[in-house]
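S.K.: Below: sequence and its predicted model.
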Amino acid sequence: MKRLLVGAMALALGAIPATAQSLEDLNIQIHGYATQGFLYTTNNNIFTTSSSDGSPEWTEAVLNVGAQPTPKLHVGVQARYFLLGNFGDAITLDWAAADYKFNDKFGVRFGKVKTPSGLFNETQDIDPSYMWSLLPQGIYPITSRNSLLAHYGGVAYGTLNLQRAGKLDYRGWSGEREIEGNDGYWVSFAESGITLPNGVSGLLNGGALHWKTPLSGLMLGSSLARYNSYSAPAVDTYVVPAGPSKGLTITTPGSFAIGHETVPDFFGRYDKNKVMFAAEYNRTAGLLTLEGISPAPDPYNLRAWFAMGSYKISDKFSAGAYVSQYFDKAATLGPSRYSKDWAISGRYDFNQYLYAKAEQHFIEGTAIGYDANLNPGGLNPNTKLTVLKMGVSF
């Protein structure tokens, strides 16, 4: 599929009229940002960093290049450098797409395209556009941003004018989703010796509706994503801890599989003048199987939601707060079953290029963001997380 999409993009670029070949006519634009974060936790180390001692191991840089060779055709690409503790330290492709807009009612984009699910997925890669240092982790986990942001395939979109009833934006998508082997989803697997050398990939389809209501500033929406069965080779590595064979490494090949998933998502946002309120809820349920490695399938039944609000106090300073909760109803009772996060946030824009963010989180439960290797004494059920971030954009 990737080769077909690259070929289709090349064909689209080759079809650009000769009169639009100069750099000026192509209307090339270059944008990007860079951020440096600092994490401090009162108890547990989080996101594979040594945050209990204070950690600056959170660096991100994004560069995107876009061109509009014709009034209806836009092409672009975005690359990202990311380092968060043991995650990243590499340059990856966020997206690369060609977008052809026939009119306001219908357009298509294809390539590696953003997956337009939920409220923030299409904008979570643009840190300067929102005030939060961390989006609610139950729905937008920072360690899985690469897997959630985009897919290889296409998106059809448009806007329908409902006259007095407002406007309706629609999006439909299809393609292949990849979850790399070093994604945050697999931290607990890796620590138990199970690795996915080739990652996991599978087909997905979905659609979303955003209703811009007659009430100015109010949008209500819903999306539905359908993930087909995902499967991939897996390897279980075991090192003998004692006895005559101490240190011997035993590897067991197997396979990883997730059945069909249907993920409904409901959201809303009110944004007018200096005030913003937003909320979102989604759920995911399924069965995870490790054939040849684990004798019993592992069910999961996830629920996640958040509610947030912010106020622009001045042209340079904004403040806000949110509450976010995440539960796995199929997990055994205890702190590892849930995560409840209360966050207070502030942002200061020094000028149009330079900004700073500060955020305080009060977290109950250990379901999100923690790993065992960096918490050898066990996880405390409660922790406070302080996040400081500086950013520059252009």
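M.R.: Arrived safely, thanks for sending.

S.K.: only C-alpha atoms for contact and neighbour calcs from this point on.
M.R.: OK.

S.K.: just the strands in the stretch 201-350 of the chain please.
M.R.: 218-227, 230-239, 249-258, 261-272, 275-291, 298-312, 317-328, 338-349 (DSSP state E, counting those that start in this stretch).

S.K.: any chance of the ones you listed in a markdown table, with mean pLDDT, distance to residue 37 and mean neighbour count too?
M.R.: Shown next, in a markdown table, are the strands of the stretch 201-350 of the chain (pLDDT from 0 to 100; distance: least, C-alpha to C-alpha, whole Å; neighbours: other C-alpha atoms under 10 Å):
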| stretch | mean pLDDT | distance to residue 37 | mean neighbour count |
| --- | --- | --- | --- |
| strand 218-227 | 96 | 31 | 20 |
| strand 230-239 | 87 | 34 | 18 |
| strand 249-258 | 88 | 34 | 16 |
| strand 261-272 | 96 | 27 | 18 |
| strand 275-291 | 94 | 25 | 18 |
| strand 298-312 | 96 | 21 | 18 |
| strand 317-328 | 98 | 18 | 21 |
| strand 338-349 | 98 | 13 | 21 |
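
S.K.: Which one, of those strands, ends up nearest to residue 124?
M.R.: Across those, residue 124 has its closest neighbour in strand 275-291 (14.5 Å, C-alpha to C-alpha).

S.K.: so that closest one versus strand 317-328, what angle?
M.R.: Angle of strand 275-291 versus strand 317-328, following axes from the mean of the first three to the mean of the last three C-alpha atoms, to 10 degrees, is 30 degrees.

S.K.: orientation of strand 275-291 relative to strand 249-258 in degrees?
M.R.: Using the same axes, to 10 degrees: strand 275-291 against strand 249-258 is 120 degrees.

S.K.: Contacts only, for residue 255.
M.R.: Contact analysis of residue 255 by C-alpha atoms under 8 Å, 6 or more residues apart in numbering lists 231, 232, 233, 234, 235, 289, 290, 291, 292, 293.

S.K.: circling back to that earlier point, for the strands of the stretch 201-350 of the chain, give me a markdown table that also has distance to residue 162.
M.R.: Putting the strands of the stretch 201-350 of the chain into a markdown table (distance: least, C-alpha to C-alpha, whole Å) gives the following:
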| stretch | distance to residue 162 |
| --- | --- |
| strand 218-227 | 14 |
| strand 230-239 | 39 |
| strand 249-258 | 40 |
| strand 261-272 | 18 |
| strand 275-291 | 23 |
| strand 298-312 | 28 |
| strand 317-328 | 32 |
| strand 338-349 | 36 |
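
S.K.: who wins for proximity to residue 173 among those?
M.R.: That would be, of those and by C-alpha to C-alpha, strand 218-227, which comes in at 8.9 Å.

S.K.: And that closest one, what does it pack against?
M.R.: Packing partners of strand 218-227 (3 or more C-alpha pairs under 8 Å, 6 or more residues apart in numbering; DSSP states H and E): strand 200-212, strand 261-272.

S.K.: Mind listing the strands it pairs with, and their directions?
M.R.: strand 200-212 (antiparallel), strand 261-272 (antiparallel) (DSSP bridges).

S.K.: Which elements pack onto the helix or strand containing residue 361?
M.R.: Element membership for residue 361 (DSSP states H and E) is strand 354-364. Where contact means 3+ C-alpha pairs under 8 Å, 6+ apart, strand 354-364 is packed against strand 338-349, strand 382-393.

S.K.: so the first one versus strand 382-393, what angle?
M.R.: What that stands for is strand 338-349. Orientation check (the same axes, to 10 degrees): strand 338-349 against strand 382-393 gives 30 degrees.

S.K.: got a list of what the residue lying closest to residue 251 once chain neighbours are set aside touches?
M.R.: The spatial neighbour of residue 251 that comes closest, neighbours along the chain excluded (C-alpha to C-alpha, 6 or more residues apart in numbering), is residue 237 at 4.5 Å. Counting by C-alpha under 8 Å, 6+ apart, residue 237 makes contact with 193, 194, 249, 250, 251, 252.

S.K.: separation between the third one and residue 313?
M.R.: Plainly put, residue 249 is 59 Å away from residue 313 if you go by C-alpha to C-alpha, to the nearest Å.

S.K.: in which helix or strand would I find the residue nearest the centre of the chain?
M.R.: The residue lying closest to the centre of the chain (C-alpha atoms, centre = their mean) is residue 145, at 3.1 Å. Using DSSP H and E, residue 145 sits in helix 145-149.

S.K.: strands paired with the following helix or strand past that helix, and their directions?
M.R.: Following helix 145-149 in sequence order, the next helix or strand is strand 150-161 (DSSP H and E). With DSSP bridges as the test, strand 150-161 is paired with strand 106-114 (antiparallel), strand 167-179 (antiparallel).

S.K.: looking at these, which is buried most?
M.R.: strand 106-114 (a mean of 22; mean count of other C-alpha atoms under 10 Å).

S.K.: Keeping just the C-alphas, turn that strand into CSV.
M.R.: C-alpha atoms of strand 106-114 as CSV (Å, rounded to 0.1, in the frame of the first residue of the first chain):
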residue,chain,number,x,y,z
PHE,A,106,-15.9,17.6,-1.4
GLY,A,107,-12.2,17.1,-1.3
VAL,A,108,-9.7,14.2,-1.0
ARG,A,109,-6.3,13.7,0.4
PHE,A,110,-4.0,10.7,0.2
GLY,A,111,-0.6,9.5,1.2
LYS,A,112,0.4,9.3,4.9
VAL,A,113,-2.6,11.3,6.1
LYS,A,114,-3.7,12.5,9.5
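
S.K.: chain center to that strand, what's the gap?
M.R.: Counting by C-alpha atoms, centre = their mean, to the nearest Å, strand 106-114 is centred 18 Å from the centre of its parent chain.

S.K.: What lies in contact with it?
M.R.: With contacts defined as C-alpha under 8 Å, 6+ apart, strand 106-114 is touched by 2, 5-6, 9, 94-101, 121-122, 149-159.
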